[in-house]
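Enquirer: next come a sequence and a model predicted from it.
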Amino acid sequence: MSSTAPSPRHFLDIHKLDRDTLRGILDAGVSLKATRRIPTSARPLQGRTLVMIFEKPSTRTRVSFQIGMQELGGEVVILSDTDSQLGRGETVADTARVLSRYADAIMIRTDDPEKLRDLEKYATVPVINGLTDRSHPCQIMADIMTYEEHRGAIEGRKVAWSGDGNNVVASWVHAAVRFGFEIRIASPAELQPRPDLIEWAREAGARVVLTDNPAEAVHGADLVVTDTWVSMGDTDTGSRHNLLSPYRVDERLMERAAADALFMHCLPAHRGDEVSGAVIDGPQSVVWDEAENRLHVQKAILSWCLN
């Protein structure tokens, strides 16, 4: 008598998982952080291997996933464009089939969301979205963990975004639906998030405010977030700077937020462009906690995917 293997647990995007699952991952991340330095023999992923595919360079994603997997007892194999046949024309489907025979999970950081979808379709092991041009879910899970460490539950809070309506803000919109907070997005008309994303979020009951006025978005906000003006692969550097310079998060803009508002940036940051040095290095900034929490929340994601 034959049996069908269970479907792998993928971590692809925040909106693809329900609130309880996401909350469970965050709770696990908090626990893993609290117990990280306590001596233990527990190695829940011992004997497991994670393959990481990097088509875009990374510091935080690479180091946090590698150390996280190792701390859980697992092994890591890292592939760049020059290390794999993906960079030489092999299909994602064939790569997924082969890696599934070798490894226990696959993490990909890529420009093309279609590659993530193909990995999901053809891999027989869990696939984790380390970043695409459409979303960055691991980052926003770490951001929510960070906010709640400092200010308690994010439900009902006001999150303001000032800058490019990019992949990071897309995952913030997904999270607004799942975690019940208001998201206000200030972007120039040319760089606002995709209309279908905003329509989906509003139909799902989220409070989403779109504006081209950063002062309006930040007014009374509990959290202010921004990102670099020029992402890897962008070629319109000059026009982006011209469009986005009014959206710089500086001391004057932060004064519009709530008195106890926090500031976040997923890094790397360019002081003087999207954020002033006084803000990112100031008392309201939690960017270093945010970066650290990538490690803890991704350990929780790996554990959820593989256990």
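Expert: Nice, I can see it.
Enquirer: biggest helix in the chain by residues?
Expert: Ranked by number of residues, the top helix in the chain under DSSP state H is helix 287-306.
Enquirer: what packs against that one?
Expert: helix 19-34, helix 60-71, strand 105-109, strand 127-131, helix 137-151, strand 262-265 (3 or more CB pairs under 8 Å, 6 or more residues apart in numbering; DSSP states H and E). C-beta here means a position set from N, CA and C on the backbone, and glycine is covered the same way.
Enquirer: what mean pLDDT does the fifth one get?
Expert: Put plainly, it is helix 137-151. Averaged across helix 137-151, pLDDT comes to 98.
Enquirer: next, the angle from it to strand 127-131.
Expert: Angle of helix 137-151 versus strand 127-131, following axes from the mean of the first three to the mean of the last three CA atoms, to 10 degrees, is 70 degrees.
Enquirer: now mean neighbour count too, for the helices and strands packed on helix 287-306, in JSON lines please.
Expert: JSON lines is the format used below for the helices and strands packed on helix 287-306 (neighbours: other CB atoms under 10 Å):
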{"stretch": "helix 19-34", "mean neighbour count": "16"}
{"stretch": "helix 60-71", "mean neighbour count": "19"}
{"stretch": "strand 105-109", "mean neighbour count": "27"}
{"stretch": "strand 127-131", "mean neighbour count": "26"}
{"stretch": "helix 137-151", "mean neighbour count": "23"}
{"stretch": "strand 262-265", "mean neighbour count": "25"}
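Enquirer: circling back: now do the longest helix of the chain: distance to the chain's middle.
Expert: 10 Å (CA atoms, centre = their mean, to the nearest Å).
Enquirer: can you tell me which of the helices and strands packed on helix 287-306 comes nearest to Leu210?
Expert: Closest approach to Leu210 among these (CB to CB): helix 137-151, 18.4 Å.
Enquirer: please state the offset of the closest one from the chain centre?
Expert: Per CA atoms, centre = their mean, the centroid offset for helix 137-151 relative to its chain is 10 Å.
Enquirer: could you dump it to CSV, C-alpha only?
Expert: The C-alpha trace of helix 137-151 is given here as CSV (Å, rounded to 0.1, in the frame of the first residue of the first chain):
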residue,chain,number,x,y,z
PRO,A,137,8.9,38.5,4.3
CYS,A,138,11.7,37.4,6.6
GLN,A,139,12.7,41.1,7.1
ILE,A,140,9.2,42.2,8.1
MET,A,141,8.8,39.2,10.5
ALA,A,142,12.0,40.5,12.2
ASP,A,143,10.6,44.0,12.2
ILE,A,144,7.4,43.0,13.9
MET,A,145,9.3,41.0,16.5
THR,A,146,11.5,44.1,17.1
TYR,A,147,8.5,46.5,17.4
GLU,A,148,6.8,44.2,19.9
GLU,A,149,10.0,43.8,22.0
HIS,A,150,10.0,47.6,22.5
ARG,A,151,6.4,48.6,22.5
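Enquirer: where does this structure dip in pLDDT?
Expert: 1-4, 85, 87-88, 232-235 (pLDDT under 70).
Enquirer: rerun at 50
Expert: Regions of the chain meeting the criterion pLDDT under 50 cover residues 1-2.
Enquirer: quick one, strands of it?
Expert: For the chain, the strands defined by DSSP state E occupy 49-54, 75-80, 105-109, 127-131, 158-162, 182-186, 208-211, 223-226, 262-265.
Enquirer: so which of the helices and strands packed on helix 287-306 gets nearest Glu190?
Expert: By CB to CB (comparing all of the helices and strands packed on helix 287-306), the closest turns out to be strand 262-265, at 21.9 Å.
Enquirer: then the closest one to CSV, C-alphas only?
Expert: Presented in CSV, the C-alpha positions along strand 262-265 are these (Å, rounded to 0.1, in the frame of the first residue of the first chain):
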residue,chain,number,x,y,z
LEU,A,262,10.4,54.0,16.7
PHE,A,263,12.4,54.2,13.5
MET,A,264,13.4,51.2,11.4
HIS,A,265,15.4,50.6,8.3
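Enquirer: could you say what helices and strands it packs with?
Expert: helix 137-151, strand 223-226, helix 277-280, helix 287-306.
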